[in-house]
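Peer 1: need a structure here:
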Amino acid sequence: MKKLLLIEDDLVAADIYRNRFAAAGFEVSIALDGEAGVQMVQSVMPDVIILDLILPKMSGVEVLKNIRANEETQHIPVVVLTNAYLSAMVSEAWRAGATKCLSKVNCTPKNVVEIVKSVLEDYAESRAQGKPALPQPQLQASARPSEEPVDELTKAAEADRKFIAELRKQFVAELPTVLTSLRAHLQEFIKSESEGKQLNHLYELQRRLHALTGNAGLTGLVQIAHLSAALEALTKELREQPKNITASTLRTMALGIDFLGVLFAHAASDGTSEIPSATALVVDDEAISRRAIVYALQKAKLRCVIAENGEAALRLAERAKFDFIALDVDLPDVTGYELCTKIRALPDYGHTPIVFVTPINDFESRANTTLSGGTDLIAKPFLFVELAIKALVYVWRNRLPRGPEQNQGFVPDPQTGSSTA
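Peer 2: Presented below is the predicted three-dimensional model:
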């Protein structure tokens, strides 16, 4: 029986993985924080470790460095299971010696079990040949095909479906409580007068979003998992760089949490839906700004088409239907506001999300955004994950059946954390 150590601070997720790995023939131990994880690596001496990167007391990267610095444990395969939006931490984990990195959003418990088995097989083969088991630098979400007979695979798949359905039912029943907690901490964060109190509430938000990301991924609620992962990454960035706590980031945080509530309401009926494919038009005449916007939108899984001026953008919009438009205000041939008005007049562009990306973030700019038909604006310089969240929310919301909350001009009030028209 292979020994597995799971270092994960979410008790619900830890219990699920413990049961799945125990059923697969593993002897499972659990550590609920980084310091306990380091101690248990020494006492348990596991054959393989599953490691979350966001942990209390000691980060997953620090745990990994500790494991690799110890001669007795440096050979143990370490599978990182974390938030794909935390790209900097994932890169750190690779450099620290992760054997494999998996996305919580894209991996089911069955995937994780199969990948761990694959890692142990590869490791055993490498050791037999006298070679080190080298990390494989890729974010993987699926395992090698199983070699079990087809009928056994069918039974296992059916058991998985039933298990996930039961798990999702329990999870969906708890979502109203989760939403209440997120909104309460957001409002306390917004109202806090000192940086210390703000950071405390940000920590609580990050902790709850971290749990939500993992549990939504486990239960197949893909859209909730992706948006929660992006919000978790934003809270982490704001905690580490409090100077980025601005009116713009507050509005984006409120927007994201508000839309989580919409996704929660749809969770029972269409929670298994995949991330919808979408294409964005990026209109900006500055090369560096365009690259930054494209990079941020690609984090939100949008394909991007570029236009360097208003005339080119209008031609593209006339020939093709875009799901999202990122628009600079200061263009060489026309203002962004004028271009927005022209695009709104085109067929099928009445409700397309159009977000202005501009260095100006005053009352007049917001008024012009609304008057020209814009959906929202984001101030330069912006955080990549902040623009990714806006894109996720507006594109996905536009795919839902239209109701009063679907009207343009729906933006969160940074003073209250709730949505206003």
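Peer 1: alpha carbons only for contacts and neighbour counts from here, please
Peer 2: Noted.
Peer 1: so where's this protein uncertain?
Peer 2: Along the chain, segments meeting pLDDT under 70 span 84, 127-161, 163-164, 268-274, 360-366, 401-421.
Peer 1: quick one: the helices in it?
Peer 2: 11-23, 34-44, 60-69, 87-96, 109-128, 150-191, 195-218, 222-240, 247-270, 287-299, 310-319, 336-344, 363-371, 384-399 (DSSP state H).
Peer 1: Let me have those in TSV, adding distance to residue 2 and mean neighbour count as columns.
Peer 2: Shown next, in TSV, are the helices of the chain (distance: least, CA to CA, whole Å; neighbours: other CA atoms under 10 Å):
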stretch	distance to residue 2	mean neighbour count
helix 11-23	10	16
helix 34-44	11	18
helix 60-69	19	21
helix 87-96	24	17
helix 109-128	9	17
helix 150-191	21	15
helix 195-218	23	21
helix 222-240	30	24
helix 247-270	37	20
helix 287-299	37	18
helix 310-319	57	16
helix 336-344	60	20
helix 363-371	59	14
helix 384-399	39	22
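Peer 1: As JSON lines, these with distance to residue 81 would be great.
Peer 2: JSON lines is the format used below for the helices of the chain (distance: least, CA to CA, whole Å):
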{"stretch": "helix 11-23", "distance to residue 81": "11"}
{"stretch": "helix 34-44", "distance to residue 81": "14"}
{"stretch": "helix 60-69", "distance to residue 81": "10"}
{"stretch": "helix 87-96", "distance to residue 81": "10"}
{"stretch": "helix 109-128", "distance to residue 81": "9"}
{"stretch": "helix 150-191", "distance to residue 81": "19"}
{"stretch": "helix 195-218", "distance to residue 81": "9"}
{"stretch": "helix 222-240", "distance to residue 81": "13"}
{"stretch": "helix 247-270", "distance to residue 81": "23"}
{"stretch": "helix 287-299", "distance to residue 81": "18"}
{"stretch": "helix 310-319", "distance to residue 81": "40"}
{"stretch": "helix 336-344", "distance to residue 81": "42"}
{"stretch": "helix 363-371", "distance to residue 81": "40"}
{"stretch": "helix 384-399", "distance to residue 81": "20"}
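Peer 1: Quick one: closest of these to residue 53.
Peer 2: For the helices of the chain, the distance to residue 53 is smallest for helix 60-69, at 3.8 Å, taking CA to CA.
Peer 1: name the helices or strands packed onto that closest one?
Peer 2: helix 34-44, helix 87-96 (3 or more CA pairs under 8 Å, 6 or more residues apart in numbering; DSSP states H and E).
Peer 1: Give the other helices and strands that the longest one contacts.
Peer 2: Judged by 3+ CA pairs under 8 Å, 6+ apart, helix 34-44 is in contact with strand 2-7, strand 26-31, helix 60-69.
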